[in-house]
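1. Here is my input, please return the structure:
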Amino acid sequence: MFIIMVVVFVLGYLAIALEHPLHVDKAVPALAIGSLMWVLYIFGAYDIFTAGLSEAWNSYIHGGHGHGEPGIKEMRHFIVDKEIIHHLGEISEILFFLLGAMTIVEVIDQHNGFKIITDKIKTTKKVKLLWILSFLTFFMSAALDNLTTTIVMVALLRKLISDKETRWFFASMVVLAANAGGAWSPIGDVTTIMLWIGNQITAGSIIARVIIPSLFTMIVPLAVLSFILKGNVTRPEVDANEKIYTTLFERKLFLILGVCGLLFVPVFKTVTHLPPYMGMLLSLSMIWLVSELLHKDKPEEFKKRLKVIYILQKVDTPTIFFFLGILSAVAALQSAGQLDLLAGWLDKNLGNIFLIDLAIGVLSAVVDNVPLVAGAMGMYPIEDAASIAAMTDPAAIAYAQNFVQDGLFWEFLAYCAGTGGSILIIGSAAGVAAMGMERIDFIWYMKRISLLALLGYVAGAGVYYIQSLLLHS
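-> Numbers count the residues shown, from 1 in each chain. So this is what the prediction gives:
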């Protein structure tokens, strides 16, 4: 079953990639493998656990949680009542965060709030517009996070570009810029948050040392596209007879409320130490309340367009289901031990910290970066000055220095795990959100964007390596 799980995951992944040729929504295979992986896992639990392949099970038993000699009943209890509940909690945080962010963005959109921004962007030249939107995304992603920023920017693109393929191009570059922007901020990506909370990195250090490599990750593909893209974008046609349901005051109010609500989330997390989705839902509740009070005396026609209860019907629920399926499938691989074996193989066969991080970054384009980073955090403890001082071998001392707080391994891991996911559209939460919102074709992205993203990834990695040599020379 251990190997069959991997085969089923690969087949499901191929079905997601071939969504358009198969004419099957990607949420279908994602939900299928999200369930089947756990079915295979529980049926193969005895063989997997007795072979010692699952680190999660080994930790559970060695931690004294088992009762006597563990049998199949205890193993099923572990999977159903421990692992599924644990992973479902983590997945739910992402889903509720996504649902809250998408609803807030939809509320702004339905109140024509984005029109205030799009009216300020006058240029229609493709190259100029691409640079403006990419830099805006890069810095917004650091302040908010890459997922929220992508949702906001894709909603903006719908107001700026009418042609589907051109919008796909811009949305893809938004994903790349959002991931690059999230990699150098302690709150910009789930993986940097993990490393920050785990004390592997500090806020000041990650910003100072990773911002320039991240910038190159975005600039290099932009520079290449500057020679390829020609002409102007076509703006969506505005119907002069279209009925306006909001006043200028309401448009400004909900734009300000929405943006402030999104910006509030990282502040909420920093102050309360609670999960970000709670801050997102709190922001949504406040915006919802204002909407209820503001529109309570309006005609029914206005209410059905502007009240949040009706706006919720427009939220892209297939994307939510897609996230649920793919994250559930990856969680099964993490619990059963396939990802731990992969991490161990990388450590054994590569050895060099730069090569290990680079490989983790490339793998994060296929497998979710969160369990990969979690695996790396579990494999390598944070070295302290006392343990290094006790070492006598110069080579061992030099290697251990890479794993101190703000060591090269952790900083480069933040960069690689944050930006490597851009190589494939499905490789990051930002990419999955854009894929769901714009129905971007997996194969189309791979043909037109993946090489650019890989070029930027390698360029940024090279900049970080040179920077590390200069700083430690």
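
2. I'd assumed Ala30 was in contact with Glu19.
-> No: at 10.0 Å, Glu19 and Ala30 do not qualify as touching, with contact defined as CB atoms under 8 Å. (Glycine included, C-beta is placed from N, CA and C.)

3. I'd like the distance from stretch 49-65 to the chain centre, please.
-> On the basis of CA atoms, centre = their mean, to the nearest Å, the separation between the geometric centre of stretch 49-65 and that of its chain is 29 Å.

4. Please apply the same query to stretch 372-385.
-> With CA atoms, centre = their mean as the basis, the distance from the averaged C-alpha position of stretch 372-385 to the chain average is 21 Å.

5. Residues contacting it, please?
-> Residues outside stretch 372-385 that contact it (CB atoms under 8 Å, 6 or more residues apart in numbering) are 55, 191, 194-195, 198-200, 334, 339-340, 342-344, 347, 356, 360, 363-364, 400-401, 403-405, 407, 409, 413, 417.

6. same check, this time on stretch 352-361
-> The set of residues external to stretch 352-361 that reach it, using CB under 8 Å, 6+ apart, is 346-347, 350, 369, 372-373, 376, 399, 402, 408-409, 412-413, 415-417, 419-421, 457, 461, 465.

7. Mind checking which of those residues are buried?
-> 346-347, 369, 372-373, 376, 399, 402, 408-409, 412-413, 415-417, 419-421, 457, 461 (16 or more other CB atoms under 10 Å).

8. Go through the residues you listed and flag which are in helices.
-> The helices, defined by DSSP state H, take in 346-347, 369, 372-373, 376, 399, 408-409, 412-413, 415-417, 419, 457, 461 from the buried ones among the contacts of stretch 352-361.

9. Worst mean pLDDT across the helices and strands of the protein, which element?
-> Per-element confidence for the chain was summarised using mean pLDDT, DSSP states H and E. The lowest value among helices and strands belongs to helix 369-379, with a mean of 69.

10. Let me know the average pLDDT across the helix or strand following that helix.
-> Toward the C-terminus, helix 369-379 is succeeded by helix 385-389 as the next helix or strand (DSSP states H and E). When the per-residue pLDDT values of helix 385-389 are averaged, the result is 73.

11. swap in stretch 346-357?
-> 80.

12. ditto for stretch 73-82
-> Stretch 73-82 carries an average pLDDT of 88.

13. And for stretch 410-430?
-> 89.

14. Need the distance between the two termini of that stretch.
-> The first and final residues of stretch 410-430 sit 22 Å from each other (CA to CA, to the nearest Å).

15. Kindly report the same for stretch 401-409.
-> Start-to-end span of stretch 401-409 (CA to CA) is 9 Å.

16. Can you tell me the SS state at the closest residue to Phe412 other than its chain neighbours?
-> Residue nearest to Phe412 in three dimensions, not counting chain neighbours: Asp357, with 4.4 Å by CB to CB, 6 or more residues apart in numbering. Taking DSSP: H, G, I helix; E, B strand; the rest coil as the rule, one finds Asp357 in the helix state.

17. What residues of stretch 84-102 count as buried?
-> Applying a neighbour-count criterion of 16+ other CB under 10 Å, the buried positions in stretch 84-102 are 84, 87, 90-91, 93-102.

18. phi, psi of Leu18?
-> According to degrees, to the nearest 10, the main-chain angles of Leu18 amount to phi -100, psi 30.

19. so it sits right up against Phe442, yeah?
-> Yes: shown here, Leu18 and Phe442 form a contact pair, counting by CB under 8 Å, at 7.4 Å.

20. more crowded one of these two?
-> Neighbours were counted for Leu18 and for Phe442 using other CB atoms under 10 Å; Phe442 has more, 20 against 16.

21. dump the residue contacts of the more buried one.
-> Taking CB under 8 Å, 6+ apart as the definition of contact, the neighbours of Phe442 are Ile16, Ala17, Leu18, Glu19, His20, Lys26, Leu424, Ile425, Ile426, Met435.

22. Report how many residues lie close to the fifth one.
-> By the other CB under 10 Å criterion, the neighbourhood of His20 contains 14 residues.

23. which ones are touching it?
-> Asp441, Phe442, Ile443.

24. do that again at 10 Å, thanks
-> When the contact criterion is CB atoms under 10 Å, 6 or more residues apart in numbering, the partners of His20 are Lys26, Arg439, Ile440, Asp441, Phe442, Ile443, Trp444.

25. now swap in the fourth one and tell me
-> Shown in contact with Glu19 (CB under 10 Å, 6+ apart): Asp25, Lys26, Ala27, Val28, Pro29, Ala30, Met435, Arg439, Ile440, Asp441, Phe442, Ile443.

26. Apply 8 Å and report the result again.
-> Glu19 sits in contact with Asp25, Lys26, Asp441, Phe442, where contact means CB under 8 Å, 6+ apart.

27. Kindly report the same for the second one.
-> Listed by CB under 8 Å, 6+ apart, the contact partners of Ala17 are Ile426, Phe442, Ile443, Met446.
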